[in-house]
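1. sharing a model prediction with you, sequence too.
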Amino acid sequence: MNELSKNLRLIRPLWRGLPILLLCVGAAVTLALQYLRYATPLYESTSKIKLAETNEGPIHTTLLQSTDAFSSNNKIGTEVELLKSQFLVDKALQHLSFGISTYRVGEIRTSEMYKQSPFLVTLRLPSHRWDDKRFKLTVGAQDDITLETPDKEMVIGHFGEPMHVTGGEVLITKNEALLRTKPSLALADKYEFVRHSHDQLMRALLDRLDITSVDKDVAVIRVSFRSAVPEKAADLVNALATVYMADYLENKYKAANSSVDFIDKQLKAVGQNLSQSENAVAGYRDQKRIVNTEQETSTELHKISELKLQRANLHLRLATASNLYQYMKMGSKKVLELAPAFEAFNDPLSNDIVKNIKELQAQKHDLLLRFRPQDEKVVAIDDKLTDLNAYLLESINNTRNTLTIQFHEIDSAIRQSEKGFVGLPTREKDLAVLQRNFQLNEKLFLLLHEKKTEAEIARASPTSFHRIIARGVAVNEPIAPNRVLVLAVSGFLGLIIGLLLVYLFAGIRATPTDSNRVQKESNLPLATTIPYLGTGPQRVAFFRQLVTRLELKGLLNLGTKLVISSFTDQEGQAFFTEHLAAALNAQGKKVRAIRILDANTLNPEVLDSELMLVQNMPLEQDSHSLAVMHGATINLVLVDSRSTPLARLQELEQLTTEYQLPNVQLCLNRVNYQPSLLRWPWKRTARREAAWTFATDGHAGAPATA
């Protein structure tokens, strides 16, 4: 609740300062309306250009990108900067009549006419000393013309007649085309015209030109221009868009032509290099007798592998035959007792010889059973066995010799085949280098042929793949000043200024609005608070209750001299004394009420059987009031919540301490009273009249705080 009361105390000054708030808001809105009345409106016209996509068009717009290693990836940003360039704006100005601006001079403001000018101006001024300076023109009712130069030179002439001025001449003719379409257009009036310098005109246009992309990922550019004339804004954005498209086509043709010429020259040089590479590869193959290096190498390696396998087999058979030969030779005297291994000799002849030897051995064993070894039959079998063994040994020897010859021949063939791999890495490297050069020249030749075709297609294409998707139009609603925004901001600023003034006045006045403020600023006790009572019976009821409360506090005992003081007459001292005395009389109290008018007024002593109410002089009038307070039993000092400055409370404390004033207590009049400023002058007048009536009649005739 205390927090709510604190917030309400902060808001209370707003109610009393409501007229100031309304006055500030009204003044701000009025100034805004005057500004809107006299301000020159600005109109904006917008044109939109869609950029060609990378995959759009007969050559997919990649010719320049593929031939330029330093091309920018931010195509949209590049095109935006191109449209902002002075080069394109200057080319657009060549198609517009912006060099001379004409104005109609009115009582309130001067407005540019542009194409709505009823006359045309032709200046033949070789000197540029009058550039960006205004010529004044007055057209009379009889079509007579009065021209005033920037140097205050006056020339009088007529339409269609050159008027000679210092340094040149001026020709002014009627705009017959416009006058025919608008016969009611007034011609007699005051005008001005200006010839703009190129640099100044360019700066002015660039300042009001706004070129942005719709979105960083959307290839659409928005071209906007602001001007006081809607048609002028539309003409500039449309001219700039048209010039941009024409410049794009021009650069496209120029790039395509340059590319075709360059590619033709490069094709001749690359074609010669390609022929030399082909001849070098063919000559090297003929010289080294190379058909297919990889296939030939694979075949030779397979052949060598097979020969080595055969040589290994022959080596095994030769070793076996040699061992068998040595075995048979060492046991030639005991042939019949040997058992050679004929695993390597499994031909039919060897098998027959071994079979015959075995049969002869069997016959010899049979004969030895009947005959002696010296018998001619046994000897004949021995001779046969010796012949067969000698034949077999010779056969083994011949086989061994044959295998030896085959082994040497195969070994020689292997060495001969391995000679073909000597220098093979060098030949492969040289051939790879020649083939790489040939492939590079071939790829470059094919690429140049492809680009030449694309460049020829681009040169033959008569259209641009950029598109103007929206042209600028003359709008009727201005973008500046924004009427709603200006009024809203002005009203808001007026409200802020009003709030500052209200709280500033409240801070300057610094009055004790409520009991909390009084207790915060002063250490003197607060006897009672009096609200704003207005008129009617509520006054009597309040003072009856007040008398009861004061009696309970012991302030209205018999024999008490109660002095009622205030700093000025405007703080309700007379009102309080009158109604307090009336309330005490209504209760049957013996009350004696007197008023101290000046320093000569008798200050009586109080009797034990009565209650004396003394209305003291204002403290700011005479120091005699302090003497009256010093002789009092109880001092009630009236403080008004609206008129008593807070500094008075500190001053009263100092007086109390300095003069040892007895039992000083405060009484806050009109507590929490926040009247509107609209009622304040009337209330102040009524309060003064009441004080004057009391002073002249000697009694409280009208409430001083009403």
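-> That came through, no problem. Everything quoted here is computed from the prediction, not taken from an experiment. Numbering: from 1, shown residues only.
2. so how far is the longest helix that the chain contains off the chain centroid?
-> For the chain, the helix with the greatest residue count under DSSP state H is helix 230-288. Remark: helix 230-288 is offset 38 Å from the chain centroid, using C-alpha atoms, centre = their mean, to the nearest Å.
3. and stretch 535-554, by the same measure?
-> The mean C-alpha position of stretch 535-554 is separated from the chain mean by 71 Å, C-alpha atoms, centre = their mean.
4. do the same with stretch 541-555
-> 72 Å.
5. next, the buried residues of it.
-> Residues F543, L546, V547, L550, L555 are the ones in stretch 541-555 that count as buried (16 or more other C-beta atoms under 10 Å). Where you see a C-beta, it was placed from the backbone N, CA and C, and this is true even at glycine.
6. show me where pLDDT drops low in the stretch 201-350 of the chain?
-> For the stretch 201-350 of the chain, applying pLDDT under 70 flags the ranges 288-296, 331-350.
7. on that earlier part again, same list (the buried residues of stretch 541-555) but as CSV, adding pLDDT and distance to Q94.
-> Output for those, formatted as CSV (pLDDT from 0 to 100; distance: C-beta to C-beta, whole Å):
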residue, pLDDT, distance to Q94
F543, 89, 94
L546, 89, 93
V547, 87, 98
L550, 88, 97
L555, 86, 98
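8. strands of the stretch 601-706 of the chain, start to end?
-> Using DSSP state E, counting those that start in this stretch, the strands found in the stretch 601-706 of the chain span residues 611-615, 634-640, 664-671.
9. and these as TSV, adding mean neighbour count?
-> Formatted as TSV, those follow (neighbours: other C-beta atoms under 10 Å):
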stretch	mean neighbour count
strand 611-615	23
strand 634-640	26
strand 664-671	23
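10. now the ones you listed as CSV including distance to F492?
-> Shown next, in CSV, are those (distance: least, C-beta to C-beta, whole Å):
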stretch, distance to F492
strand 611-615, 51
strand 634-640, 36
strand 664-671, 34
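11. so which of the ones you listed comes closest to E571?
-> strand 634-640 (4.0 Å; C-beta to C-beta).
12. chain center to the closest one: distance?
-> Using C-alpha atoms, centre = their mean, the offset of strand 634-640 from its chain centre is 67 Å.
13. what pairs with that strand, parallel or antiparallel?
-> Here strand 634-640 has these sheet partners by DSSP bridges: strand 561-566 (parallel), strand 664-671 (parallel).
14. quick one, which of the ones you listed is nearest to D235?
-> Nearest of those (C-beta to C-beta): strand 664-671, 70.4 Å.
15. average model confidence for that closest one?
-> Strand 664-671 comes out with an average pLDDT of 89.
16. now do that strand: everything it contacts.
-> Here strand 664-671 makes contact (C-beta atoms under 8 Å, 6 or more residues apart in numbering) with 512-515, 518, 522, 524-532, 555, 564, 571-572, 575-576, 629, 634-642, 649, 652, 656, 705.
17. same check on stretch 142-152?
-> Against stretch 142-152 from outside (C-beta under 8 Å, 6+ apart): 130, 133-140, 154-159, 163, 165-166, 170, 172, 187-188.
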